[in-house]
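[1] Got a predicted model here, sequence first, then my questions.
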Number of protein chains: 4
Amino acid sequence: MSGEKPEGLAGVARTEAFSDGVFAIAITLLILSIQVPTPAGPGMLWAALALQWPAYVAYVLSFGVIGIMWANHHNIFRYIGRANHVFVMLNMALLFWVAFLPFPTAVLAKYLINPAERTTGVVLYGATLTCTALCFNVLWRYAATRRRLLRPDAGQDLVDGVTREYRFGPVFYLAATLVALVNVWVSLAIHGGLAALYVLPTKSRP
Amino acid sequence: MSGEKPEGLAGVARTEAFSDGVFAIAITLLILSIQVPTPAGPGMLWAALALQWPAYVAYVLSFGVIGIMWANHHNIFRYIGRANHVFVMLNMALLFWVAFLPFPTAVLAKYLINPAERTTGVVLYGATLTCTALCFNVLWRYAATRRRLLRPDAGQDLVDGVTREYRFGPVFYLAATLVALVNVWVSLAIHGGLAALYVLPTKSRP
Amino acid sequence: MSGEKPEGLAGVARTEAFSDGVFAIAITLLILSIQVPTPAGPGMLWAALALQWPAYVAYVLSFGVIGIMWANHHNIFRYIGRANHVFVMLNMALLFWVAFLPFPTAVLAKYLINPAERTTGVVLYGATLTCTALCFNVLWRYAATRRRLLRPDAGQDLVDGVTREYRFGPVFYLAATLVALVNVWVSLAIHGGLAALYVLPTKSRP
Amino acid sequence: MSGEKPEGLAGVARTEAFSDGVFAIAITLLILSIQVPTPAGPGMLWAALALQWPAYVAYVLSFGVIGIMWANHHNIFRYIGRANHVFVMLNMALLFWVAFLPFPTAVLAKYLINPAERTTGVVLYGATLTCTALCFNVLWRYAATRRRLLRPDAGQDLVDGVTREYRFGPVFYLAATLVALVNVWVSLAIHGGLAALYVLPTKSRP
């Protein structure tokens, strides 16, 4: 491995490996937001499991979001040829929000069922995703502007396609967050829809 | 590493590394389903430890299942030459169930000893394994159909052997799940037997 | 990476990576066995922190044990040229005990201070280490017997040195476990001594 | 990979991978120190979330510290050409403190708001960072002294720059720890300032 790390030029490989670790741990820790329930009476475990459906919704949504974030991270790193200090720090800011996501997920799991608190939970959740998407954009823009850290063989058309595609992420997440102030279910539907949209293949995702 | 990731062709290496991370974390998080017990009286810690035998059964079973899933994942990736967006998403669906398994494991650990709830726990457990095995088959079938993502040097005989071998996984897990409705112990014995069967070497596992 | 994984010959690299993941997660999860204490009165947090010294002893010991296990694993894998199904399964058995260690560590952390239960805790701890050392020996013996999985360039002298060195691990751990029935402090001192001994460099550890 | 690990010379790659795992897990486990709060009354979830601001302060600070530690670790490993037993053990000592950090973080999160206990929390926190920085220096000094483990192509000027830069870490952390005895907020401000300072690029960080 060391042959790939010329002095004075921080390797991308270890940043990628560290990021993969954080993504993999954050996505697997999400399960801790689902508690083993206590049944209300004998033979009521099924009912108790069913009653905590918000925990499953939050788990599925956050698993999808982190999975997609990872796939996007994976995708843009294919174009990155080298890293520098600023890039490593911006990547750390992105990982900050990824690692933070289990907390709003647990809040959502507990309070989505509570009419008095659910708006707070969904706004917190959406705000976290907005921050994540913002950091993602800043990371990519820093690397792509004037091809600062790109590989020489990364086609400019593909690079511009990535820039265009990710540009709207923060806007949509912010919109979903604001919508939550009016209706939390519409907000969650937007979050789910954004995730579903990504699962479909597009030209920029071979 | 970057030399292995030609543009427009998602590398298999990072998908493998991310999957390894999720498998390794899920298998290690299982231990959190075993609680430190409180003895009923002085010198009774041994008894308290022994009383929570369902937690050990659930731990051993889930460790075996995730370990085998990882080994199978490892095994099929030897034949995979490249990844695309659909493959990465199908792999994410498989990882979803792998990361979910600590939850049914914790439910089993708590309720296997409870006659009124144990059927629920074993059915939930078996249903999770059935979903995992289904995702595993879909992932492999997607890659192997018309040799879509296979390495050129992957022998068709070996590929067909893998397809035949994994085909029955979901059927057996579904059977074990349905059997749980009649008798949870037979169901758990089938799960244990399926795991034990895998430990034996076969022709398709060098 | 794929170039290193000829068909019909399971690669060592992914087994190593998966093992590293389990070792790294198990060693980092140990911290969860140290609870944030509640002070008995205002300004008594220092006292409350000091009172839970058994948790620190258990943490330091288990961190040392897993760290050393990892270094040993690292050490023997330098001689391994290939893996097969049996080797992967034996490695999984070793990882089982490594991943299990946080549980006896948490038991030790809670009950070492309790005269009525501490023997149970130390015996459980020692028994787990004995199983770990046994699995470690079986794994190495399987690979080294008739040079089954060794690299062609692994010197037989060095290989024999490793076999000799690790042979006594299970014996010493078993002895420490039995000693615990008489005196838990001597047992813990043996565990600590075995760890300290390893930290010193020897001829077989460059 | 095995081609890079000549016998009798422990590879750096696996030490790096294991370290990355511990850093990634420790940084992601920090989120467990932020609890889902219980609101004081209907519609009070926002207030309850706001009230636990010390948990966020502790999380942000520790995330920054571990992130920077990882980046520094990454940085010095670019100069390391080989590892030996002592180096692996010193690295393990560094990882010990990194893996320990979630505990003082959780203590800080719980007690920073408590005037009678906050000094204890901040001193414990600072003492942990001082130990981490000390281990970091010892690790680097061991590798760099008489270029013991350095790559042949590592420029002596850059090496000396790293030595100079990291020399002051333990001193500053110790100062911040002692300052906490007088004023915890100044102490935390120093910790935050040291982290912020690092985020700026310097000549030794390309």
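    Looks like it arrived, so ask away. On a predicted model such as this, the values are computed, not experimentally measured, just so you know.
[2] Just confirm yes or no for the helix or strand hosting A:T105 near chain D.
    Secondary-structure element containing A:T105, defined by DSSP states H and E: helix A:102-111. Yes: with C-beta under 8 Å from any C-beta of the partner chain as the measure, helix A:102-111 is seen reaching chain D through A:P102, A:F103, A:A106, A:V107, A:K110, A:Y111. For the C-beta atoms, the positions are set from N, CA and C on the backbone; glycine is no exception.
[3] mean confidence score for that helix?
    Along helix A:102-111, the predicted confidence averages to a pLDDT of 94.
[4] And it, how far out from the chain middle?
    15 Å (C-alpha atoms, centre = their mean, to the nearest Å).
[5] could you dump that helix to PDB, C-alpha only?
    Output in PDB follows, covering the C-alpha atoms of helix A:102-111 (Å, rounded to 0.1, in the frame of the first residue of the first chain):
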ATOM      1  CA  PRO A 102     -28.500   7.500  14.700                       C
ATOM      2  CA  PHE A 103     -29.500  10.200  17.300                       C
ATOM      3  CA  PRO A 104     -32.300  11.900  15.300                       C
ATOM      4  CA  THR A 105     -33.300   8.400  14.200                       C
ATOM      5  CA  ALA A 106     -33.700   7.300  17.800                       C
ATOM      6  CA  VAL A 107     -35.700  10.500  18.500                       C
ATOM      7  CA  LEU A 108     -37.900   9.800  15.600                       C
ATOM      8  CA  ALA A 109     -38.400   6.200  16.600                       C
ATOM      9  CA  LYS A 110     -39.600   7.300  20.100                       C
ATOM     10  CA  TYR A 111     -41.700  10.400  19.300                       C
END
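[6] which helices and strands sit right next to it?
    Applying 3 or more C-beta pairs under 8 Å, 6 or more residues apart in numbering or on different chains; DSSP states H and E, one finds that helix A:102-111 makes contact with helix A:53-77, helix A:118-144, helix D:45-51.
[7] Out of these, flag the one nearest B:A116.
    The closest approach between B:A116 and any of those, judged by C-beta to C-beta, belongs to helix A:53-77 at 22.0 Å.
[8] quick check: angle from that closest one to helix B:102-111?
    Interaxial angle, helix A:53-77 versus helix B:102-111 (axes from the mean of the first three to the mean of the last three C-alpha atoms, to 10 degrees): 150 degrees.
[9] Can helix A:53-77 be said to contact chain C?
    No: Helix A:53-77 stays clear of chain C (C-beta under 8 Å from any C-beta), getting no nearer than 15.1 Å.
[10] Helix, strand or coil: sort out the residue of chain A found nearest chain B for me.
    Going by C-beta to the nearest C-beta, chain B is nearest to A:A24 of chain A, at 3.0 Å. Following DSSP: H, G, I helix; E, B strand; the rest coil, A:A24 is assigned to helix.
[11] tell me the contacts of the residue nearest to it when sequence neighbours are not counted?
    With C-beta to C-beta, 6 or more residues apart in numbering or on different chains as the criterion, A:A24 has its nearest non-adjacent residue at 3.0 Å, and that residue is B:G21. Under the criterion of C-beta atoms under 8 Å, 6 or more residues apart in numbering or on different chains, the neighbours of B:G21 are A:D20, A:G21, A:F23, A:A24, A:I25, A:T28, C:G21.
[12] Which helix or which strand is home to B:G21?
    Take DSSP H and E as the rule and B:G21 turns out to sit in helix B:12-29.
[13] Report the buried residues of that helix.
    By neighbour count on 16 or more other C-beta atoms under 10 Å in any protein chain shown, the buried set for helix B:12-29 is B:12-29.
[14] May I have that helix exported as CSV, CA atoms only?
    Once non-C-alpha atoms are left out, helix B:12-29 reads as follows in CSV (Å, rounded to 0.1, in the frame of the first residue of the first chain):
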residue,chain,number,x,y,z
VAL,B,12,-16.2,-4.4,-6.5
ALA,B,13,-13.5,-3.8,-3.9
ARG,B,14,-15.2,-1.0,-2.0
THR,B,15,-18.5,-2.8,-2.0
GLU,B,16,-16.8,-5.8,-0.6
ALA,B,17,-15.0,-3.7,2.1
PHE,B,18,-18.2,-1.9,3.1
SER,B,19,-20.1,-5.3,3.3
ASP,B,20,-17.3,-6.8,5.4
GLY,B,21,-17.6,-3.8,7.7
VAL,B,22,-21.4,-4.3,8.2
PHE,B,23,-21.0,-8.1,8.6
ALA,B,24,-18.2,-7.6,11.2
ILE,B,25,-20.1,-5.0,13.2
ALA,B,26,-23.4,-6.9,13.2
ILE,B,27,-21.7,-10.1,14.3
THR,B,28,-19.8,-8.2,17.1
LEU,B,29,-22.9,-6.2,18.2
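[15] If you compare the directions of it and helix B:102-111, what angle comes out?
    Here helix B:12-29 runs at an angle of 20 degrees relative to helix B:102-111 (the same axes, to 10 degrees).
[16] Helix B:12-29: how far from the chain's middle?
    Per C-alpha atoms, centre = their mean, the displacement of helix B:12-29 from the mean C-alpha position of its chain is 12 Å.
[17] what about it, average pLDDT?
    The average pLDDT within helix B:12-29 is 90.
[18] repeat for stretch A:166-175
    90.
[19] So for that stretch, what gets flagged as buried?
    Buried residues in stretch A:166-175, counted by 16+ other C-beta under 10 Å: A:Y166, A:G169, A:P170, A:F172, A:Y173, A:L174, A:A175.
[20] what does stretch A:144-164 give?
    Along stretch A:144-164, the positions that meet the burial threshold by neighbour count (16+ other C-beta under 10 Å) are A:A144, A:L149, A:L150, A:R151, A:A154, A:L158, A:V159, A:V162.
[21] One more: stretch A:190-199?
    Buried residues in stretch A:190-199, defined by neighbour count with 16+ other C-beta under 10 Å: A:I190, A:H191, A:G192, A:L194, A:A195, A:Y198, A:V199.
[22] Could you list which of the buried residues of stretch A:144-164 belong to helices?
    Within those, membership in helices is found for A:A144, A:L158, A:V159, A:V162, as judged by DSSP state H.
[23] Spatially, which two of those are the most separated?
    Looking at these by C-beta to C-beta, the two members farthest from one another are A:A144 and A:L158, with 10.6 Å of separation.
[24] so what sits against both of these two?
    Taking C-beta under 8 Å, 6+ apart as the criterion, A:A144 and A:L158 both touch A:Y79.
[25] any idea how far C:A116 is from the closest residue to chain D within chain A?
    Relative to chain D, the nearest point of chain A is A:G21 (3.0 Å; C-beta to the nearest C-beta). A:G21 sits 42 Å away from C:A116, taking C-beta to C-beta, to the nearest Å as the criterion.
[26] Please apply the same query to A:H191.
    When C-beta to C-beta is applied, the distance between A:H191 and C:A116 equals 53 Å.
[27] From the centre of chain A, point out the most distant residue.
    Taking C-alpha atoms, centre = their mean as the measure, the residue most remote from the mean C-alpha position of chain A is A:P42, 39.9 Å away.
[28] Now do the same for the residue lying closest to it once chain neighbours are set aside: helix, strand or coil?
    Taking C-beta to C-beta, 6+ apart as the measure, A:P42 lies nearest to B:A116, with 4.0 Å between them; neighbours along the chain are not counted. When states are read from three-state DSSP, the local structure at B:A116 comes out as coil.
[29] list the contacts for B:A116?
    With C-beta under 8 Å, 6+ apart as the criterion, the residues that contact B:A116 are A:P42, A:G43, A:L45.
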